[in-house]
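Undergrad: Whatever this is, show me its structure:
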Amino acid sequence: MKMAMMRLRREDPRVVGSFRLHRRLGAGGMGVVYLGSDRRGQRVALKVIRPDLAEDQEFRSRFAREVSAARRIRGGCTARLVAADLEADRPWFATQYVPGPSLHDKVAEEGPLSAAQTASIGAALAEGLLAVHDAGVVHRDLKPSNILLSPKGPRIIDFGIAWATGASTLTHVGTAVGSPGFLAPEQVRGAAVTPATDVFALGATLAYACTADSPFGQGSSEVMLYRVVHEEPQLMAVPDALAPLIHACLAKDPEDRPSTLQLSLRLKEIAAREAHGLPEGRPPAARREPGRPAGQRAAQYAEQHTEKRTLKAPVLRPHGSGRRPGPDRSFDQARRPEQGRPAVPRPAARRTGGARPAARGGGRPAPRTGAQGRRPAADRSLLRQRLTVFVVVTLLVALGIAVAQGCQGPSHSSGSPAGGVRSAAGPFGGTDARADGS
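TA: Numbering: from 1, shown residues only. Sure, this is the predicted structure:
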């Protein structure tokens, strides 16, 4: 449906519900889309259903279920449902008006998008589809003309129109379930649709964005539908960074396509990589990782990748390995003595390189790494302890000698008057005698 503004025609209504209509935005098999506004000036895209479809009760009931599902959709990448009247002579509903060209018009006017632009738009669209699928809705007609590029990012429009028709054929006017070239094989066969159906359409849309052509070429509806079911997509012009992922999205079997969540995460990664100007189709050189698979193997790859990163955690080495304890172990824990034995520090292995760490609180010196040939900190601590013991023992011996001399009585020296003699032990075991009256 082409979203180009046109003047209202004579047969067009001027007011629908509480909305005043200003312009035609486009027309399609389901009806006409108008630009309208409410009393507050809020602009909406209002869709009025064709009169012949309005008389079909089956269509009305399915249309009502689809509008009800659309009310549950939450997400910034969709056009929010504003109002609807399912009981009117011609049912209608109004969605938030999204300014900006469609993806189809932008590519047709400006040419193919770059890999970075395509990946960025695709990531936003995949995130929008997550909200759609969580609401229990399958778009079934995702294509470049149903994606509007607003200043705030891409928006998905025309939710559930094809689904609401419930058509059993693809060629009847107004009942097409999708657009040839963007339909999934299960839609062509008439099988049940799932969120994987939208993943196929998104892959074809991204291929169009970066090549300006459908991955199944051009031709009549019958030729295009045959190619979708039986032939492989042509992705030679798709950038290498996107080709593997788009090829996985276009798998014939829905089970072989990536999930919407996997697609969103992978596209975000590609967009970030391309934005930094890294080579296309290859991961960053610093990471040195192989290319990530798409499809069902993506979940297994993510699990293995997580396990590999977990194994990179620091490994604590036992004492004596010649390496410093890890940052999560204290020096005391790394050199903890066995239970029941005194905590005598052991001489540490000599180390080379590194700076001396700051001393820790608590009295025990921290390990040091100096140049080769220097005494480790543990040897210095042992030497200081031995020196202290030696000094204390020497003082005790000197004090004992002094006490013994005092118990023997006053000593008499020639030429000295009788009297007491003071004796004091020197600091290293000697005596200092001085007569009283001298």
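Undergrad: what about the closest residue to residue 146 other than its chain neighbours, how many neighbours?
TA: Spatial nearest neighbour of residue 146, chain neighbours left out: residue 158 (4.7 Å); criterion: C-beta to C-beta, 6 or more residues apart in numbering. C-beta coordinates here come from the backbone N, C-alpha and C atoms, glycine included. Other residues near residue 158 come to 24 when the count uses other C-beta atoms under 10 Å.
Undergrad: And residue 23, by the same measure?
TA: With other C-beta under 10 Å as criterion, residue 23 counts 14.
Undergrad: buried set for stretch 133-141?
TA: 133, 135, 137-141 (16 or more other C-beta atoms under 10 Å).
Undergrad: Turn these into a markdown table, including secondary structure and distance to residue 89.
TA: Shown next, in a markdown table, are the buried residues of stretch 133-141 (DSSP: H, G, I helix; E, B strand; the rest coil; distance: C-beta to C-beta, whole Å):
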| residue | secondary structure | distance to residue 89 |
| --- | --- | --- |
| 133 | helix | 33 |
| 135 | coil | 28 |
| 137 | coil | 26 |
| 138 | coil | 29 |
| 139 | coil | 28 |
| 140 | coil | 27 |
| 141 | coil | 26 |
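Undergrad: just to revisit the earlier point, ok, the residue nearest to residue 146 touching residue 144?
TA: No - if you go by C-beta atoms under 8 Å, residue 158 and residue 144 don't touch, sitting 12.0 Å apart.
Undergrad: how about the strands of the chain, start to end?
TA: 15-16, 19-27, 31-37, 43-49, 81-85, 92-96, 147-150, 153-156, 421-425, 431-435 (DSSP state E).
Undergrad: Run through the protein and note the low-pLDDT ranges.
TA: 1-4, 159-178, 278-378, 407-438 (pLDDT under 70).
Undergrad: Tell me how it divides into domains.
TA: Under the assignment automatic domain parsing, the domains of the chain span 1-97, 99-284+293-299.
Undergrad: Looking at those domains, which is nearest to residue 390?
TA: Closest approach to residue 390 among these is made by domain 99-284+293-299 (63.3 Å; C-beta to C-beta).
Undergrad: re earlier: for the strands of the chain, give me TSV that also has distance to residue 401.
TA: Formatted as TSV, the strands of the chain follow (distance: least, C-beta to C-beta, whole Å):
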stretch	distance to residue 401
strand 15-16	120
strand 19-27	115
strand 31-37	113
strand 43-49	110
strand 81-85	106
strand 92-96	104
strand 147-150	101
strand 153-156	96
strand 421-425	7
strand 431-435	8
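Undergrad: Of all those strands, which one comes closest to residue 206?
TA: Taking the strands of the chain one by one with C-beta to C-beta, strand 147-150 is closest: 10.4 Å.
Undergrad: Pull out the buried positions in that closest one.
TA: 147-149.
Undergrad: what does stretch 261-280 give?
TA: Applying 16+ other C-beta under 10 Å to stretch 261-280 flags 261-268, 270-271, 273-274 as buried.
Undergrad: so which of the domains of the chain is the most packed in?
TA: domain 99-284+293-299 (a mean of 19; mean count of other C-beta atoms under 10 Å).
Undergrad: Using CSV, list the CA coordinates for stretch 204-218.
TA: Provided in CSV are the C-alpha atoms of stretch 204-218 (Å, rounded to 0.1, in the frame of the first residue of the first chain):
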residue,chain,number,x,y,z
ALA,A,204,13.6,-11.0,2.5
THR,A,205,13.0,-7.4,3.6
LEU,A,206,16.6,-7.0,4.7
ALA,A,207,17.9,-8.5,1.5
TYR,A,208,15.8,-5.9,-0.4
ALA,A,209,17.1,-3.1,1.8
CYS,A,210,20.8,-3.8,0.9
THR,A,211,20.3,-4.9,-2.8
ALA,A,212,17.2,-2.9,-3.9
ASP,A,213,15.7,-6.2,-5.2
SER,A,214,13.8,-9.2,-3.9
PRO,A,215,16.0,-12.2,-3.1
PHE,A,216,13.8,-14.3,-5.5
GLY,A,217,14.1,-11.8,-8.3
GLN,A,218,11.2,-10.4,-10.4
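Undergrad: returning to what we had before: among the buried residues of stretch 261-280, which pair sits farthest apart?
TA: Every pair of the buried residues of stretch 261-280 checked by C-beta to C-beta; the farthest is 261 and 274, at 20.7 Å.
Undergrad: Now residue 205: closest residue in space, sequence neighbours ignored.
TA: residue 144 is the one closest to residue 205 (C-beta to C-beta, 6+ apart), at 5.6 Å.
Undergrad: what sits against the one you found?
TA: 102-104, 107, 205, 208-209 (C-beta atoms under 8 Å, 6 or more residues apart in numbering).
Undergrad: ok, residue 403 to residue 393 distance?
TA: 16 Å (C-beta to C-beta, to the nearest Å).
Undergrad: before we move on, what about residue 151?
TA: For residue 151 relative to residue 393 (C-beta to C-beta), the value is 88 Å.
Undergrad: What segments of this structure are helices?
TA: Under the criterion DSSP state H, the chain carries helices at the ranges 51-54, 57-71, 103-110, 115-134, 161-165, 185-189, 195-211, 221-230, 243-249, 260-275, 297-310, 331-334, 377-407.
Undergrad: I'd like those written out as JSON lines, with distance to residue 87 added.
TA: Formatted as JSON lines, the helices of the chain follow (distance: least, C-beta to C-beta, whole Å):
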{"stretch": "helix 51-54", "distance to residue 87": "11"}
{"stretch": "helix 57-71", "distance to residue 87": "9"}
{"stretch": "helix 103-110", "distance to residue 87": "34"}
{"stretch": "helix 115-134", "distance to residue 87": "26"}
{"stretch": "helix 161-165", "distance to residue 87": "16"}
{"stretch": "helix 185-189", "distance to residue 87": "31"}
{"stretch": "helix 195-211", "distance to residue 87": "30"}
{"stretch": "helix 221-230", "distance to residue 87": "35"}
{"stretch": "helix 243-249", "distance to residue 87": "40"}
{"stretch": "helix 260-275", "distance to residue 87": "34"}
{"stretch": "helix 297-310", "distance to residue 87": "46"}
{"stretch": "helix 331-334", "distance to residue 87": "76"}
{"stretch": "helix 377-407", "distance to residue 87": "89"}
